[in-house]
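Peer 1: compute the structure for the input listed below.
(chains A, B, C and D)
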Protein chains: 2
Amino acid sequence: METQAAASTPRGKRTRDAIVDAAAQLMYVDGVAGTSVDKVLAASGAGKSQMYHYFKNKDQLVEAVIDRYLEQILGNQPAIFALTSWADFETWTEQLLDVHRRAGGPIACPLGNLAGEVGDNPKLAPLVDQAYRTWEAHLERGLTTLRDKGELAAGADPARLAQAAMTSVQGGLLLAHLRHDITALEDALQIALAYLRGFKP
Amino acid sequence: METQAAASTPRGKRTRDAIVDAAAQLMYVDGVAGTSVDKVLAASGAGKSQMYHYFKNKDQLVEAVIDRYLEQILGNQPAIFALTSWADFETWTEQLLDVHRRAGGPIACPLGNLAGEVGDNPKLAPLVDQAYRTWEAHLERGLTTLRDKGELAAGADPARLAQAAMTSVQGGLLLAHLRHDITALEDALQIALAYLRGFKP
DNA sequence: AGCTTGTTGTACTGATTGGTACAGTGATGC
DNA sequence: GCATCACTGTACCAATCAGTACAACAAGCT
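Peer 2: Below is the predicted model of the structure:
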């Protein structure tokens, strides 16, 4: 889904990555509108001509940032790629918590931060939505695996349960963000996991 | 908590309200950074001198908007003020759903939209947090009432359960917003309510 | 009438915004 | 050697941004 110009040289790729990295980091903290192109370029050490060489406009940079966020998120919870037991789900929630327990950055989901701001932007909102669907699809696949193994009731709907889990993750992160306290996320995940386990046969 | 100048005349109050109303509506759709002071004034019919007569700067206008959001939200779910039975909680969730079922505006919590954007603004983030705490406190009071009436287990923690409910509401709204589909909120509320009912003695 | 205080309209500023123009450099293939 | 094309640096632009200056108006009070 790379609608923006690709880099065809190692040097170009490095520059492009530096721009996206800087944008991702700044937008995570200051939001999209609060992050100007000039700030991104200053932080990445690139010039304006590079930026508009690789991206048609700021919106296309944001598109790349959204992709980057999804990569980062999934990369930080590798257990989500191999959910084949209830213990794996527990590992997954632990990885999720560990990411935000690490000091430094704000406790927040980069995609969740965007969700409110990008809200009705017809170009960006669908991309955020799609990123969430990709994320959620991994959970659904894991639940389907459990069902096939007989560890989840045959009547349970993996898609619906996966959406419920995502809901808990996002709600928990939103409150944890505002309160600078991860407890809200811990509780939300614990409740979500218990809810899922309630569908054991 | 009115840190901004108050209006001491009916005419002044009307103008100030018009500015806050216009700002609230615009920021609901376009976000804080996406809503310029000029746009707010154009939409409200006021001039710049009015704006800076009643508000020291844009941030103080946003403060007033946050207050307005909380009023609107609670006003749209009046059942939250008198939660004395499980049926009342069901009524509350129905009211919450009805707000967003009404066509027109986006399916989203105005405060939730702000949460990501003002994330770390040291002036605004605490206000959003406080608004959520006020909202949540009504749920906690209702749960305490139920506990005192013996309809909730004595060991249950109303504060924690209230937070769990808020988590579901916010997570459900975030996903419902992105998908333009209220189902995510419906499911989240239903699960939350079932979770709370699980603490019946 | 005149004074005071709250309110309003218009014009302005300096900084920042997203985006463009264009000349130049670097490496690769022939 | 030379052409080509990806890449880069700098200067620039019109529009918009938040915020200010200041004179004028409205209304209640004496």
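
Peer 1: identify the residues contacting the closest residue to residue A:123 other than its chain neighbours.
Peer 2: In space, and not counting its chain neighbours, residue A:123 is closest to residue A:59: 5.7 Å by CB to CB, 6 or more residues apart in numbering or on different chains. All C-beta atoms are positioned from the backbone trio N, CA, C, and that covers glycine. Listed by CB atoms under 8 Å, 6 or more residues apart in numbering or on different chains, the contact set of residue A:59 reads A:121, A:123-124.

Peer 1: before we move on, what about residue A:172?
Peer 2: Taking CB under 8 Å, 6+ apart, one finds A:184-189, B:167, B:171 in contact with residue A:172.

Peer 1: if I look at the residue lying closest to it once chain neighbours are set aside, how far off is residue B:148?
Peer 2: Sequence neighbours aside, residue A:188 is the residue nearest to residue A:172 in space, at 2.9 Å (criterion: CB to CB, 6+ apart). Residue A:188 sits 26 Å away from residue B:148, taking CB to CB, to the nearest Å as the criterion.

Peer 1: which one's more surrounded, those two?
Peer 2: Counted by other CB atoms under 10 Å in any protein chain shown, residue A:188 and residue B:148 do not tie: residue A:188 has more neighbours, with 29 against 12.

Peer 1: the more buried one and residue B:167 touch, don't they?
Peer 2: Yes: here residue A:188 reaches residue B:167: they are 4.7 Å apart, a contact under CB atoms under 8 Å.

Peer 1: near DNA strand C, which residues of chain A show up?
Peer 2: By the rule CB under 7 Å from any atom of the strand, the part of chain A lying against DNA strand C is A:35-39, A:48-49, A:52, A:57-59.

Peer 1: now the buried members of those.
Peer 2: The neighbour-count test (16 or more other CB atoms under 10 Å in any protein chain shown) applied to those identifies A:35, A:37, A:58 as buried.

Peer 1: between residue A:188 and residue B:167, which contacts overlap?
Peer 2: Each of A:168, A:171-172, A:175 lies in contact with both residue A:188 and residue B:167 under the rule CB under 8 Å, 6+ apart.

Peer 1: which pLDDT value goes with residue A:106?
Peer 2: Residue A:106 is assigned a predicted lDDT (pLDDT) of 87.

Peer 1: and for stretch A:135-143, what's in contact with it?
Peer 2: Residues from elsewhere that reach stretch A:135-143, judged by CB under 8 Å, 6+ apart: A:70, A:73-74, A:80-81, A:83-84, A:88-89, A:111, A:152, A:156, A:158-159, A:161-163, A:165-166, A:196.

Peer 1: that one: which residues count as buried?
Peer 2: Using 16+ other CB under 10 Å as the test for burial, stretch A:135-143 gives A:135-136, A:138-143.

Peer 1: could those go into a markdown table alongside pLDDT?
Peer 2: Putting those into a markdown table (pLDDT from 0 to 100) gives the following:
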| residue | pLDDT |
| --- | --- |
| A:135 | 98 |
| A:136 | 98 |
| A:138 | 98 |
| A:139 | 98 |
| A:140 | 98 |
| A:141 | 98 |
| A:142 | 98 |
| A:143 | 98 |
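
Peer 1: so of these, which ones are in helices?
Peer 2: If you go by DSSP state H, those have A:135-136, A:138-143 in helices.

Peer 1: ok, which stretches of chain A are strands?
Peer 2: Per DSSP state E, chain A carries no strands over any range.

Peer 1: for chain B, give me its nearest residue in it.
Peer 2: The minimum distance from chain A to chain B, using CB to the nearest CB, falls at residue A:171 (2.7 Å).

Peer 1: and that residue, how many neighbours?
Peer 2: Using other CB under 10 Å, residue A:171 has 31 other residues around it.

Peer 1: which residues touch the nearest residue to it once chain neighbours are set aside?
Peer 2: Excluding the flanking residues, the one nearest residue A:171 by CB to CB, 6+ apart is residue B:171, at 2.7 Å. Going by CB under 8 Å, 6+ apart, residue B:171 touches A:166-172, A:174, A:188, B:188.

Peer 1: repeat the analysis, applying 7 Å as the threshold.
Peer 2: A:167-168, A:170-171, B:188 (CB atoms under 7 Å, 6 or more residues apart in numbering or on different chains).

Peer 1: next one: residue A:186
Peer 2: Applying CB under 7 Å, 6+ apart, we find residue A:186 in contact with residue A:97.

Peer 1: please tell me how far it sits from residue A:79.
Peer 2: Distance check for residue A:186 against residue A:79: by CB to CB, it reads 17 Å.

Peer 1: just residue A:169 next, same as before
Peer 2: From residue A:169 to residue A:79 the distance is 14 Å (CB to CB).

Peer 1: ok, the two, which is more surrounded?
Peer 2: Neighbour count, other CB under 10 Å: between residue A:169 and residue A:79, residue A:169 has more, with 24 against 18.

Peer 1: now do the more buried one, the pLDDT please.
Peer 2: On pLDDT, residue A:169 comes in at 98.

Peer 1: ok, residue A:6 next?
Peer 2: Confidence at residue A:6, expressed as pLDDT, is 69.

Peer 1: which residue ranges of chain A form helices?
Peer 2: Taking DSSP H as the criterion, chain A contains helices spanning A:10-30, A:37-44, A:48-54, A:58-75, A:86-101, A:110-118, A:125-148, A:158-179, A:183-197.

Peer 1: quick revisit: and the shared contacts of residue A:188 and residue B:167, which is closest to residue B:23?
Peer 2: The nearest member of these to residue B:23, counting by CB to CB, is residue A:175 at 25.1 Å.

Peer 1: tell me how many other residues crowd residue A:178.
Peer 2: Residue A:178 has 27 neighbouring residues, counting by other CB under 10 Å.

Peer 1: find the nearest non-adjacent residue to it, please.
Peer 2: Nearest residue to residue A:178, sequence neighbours excluded (CB to CB, 6+ apart): residue B:129, at 4.4 Å.
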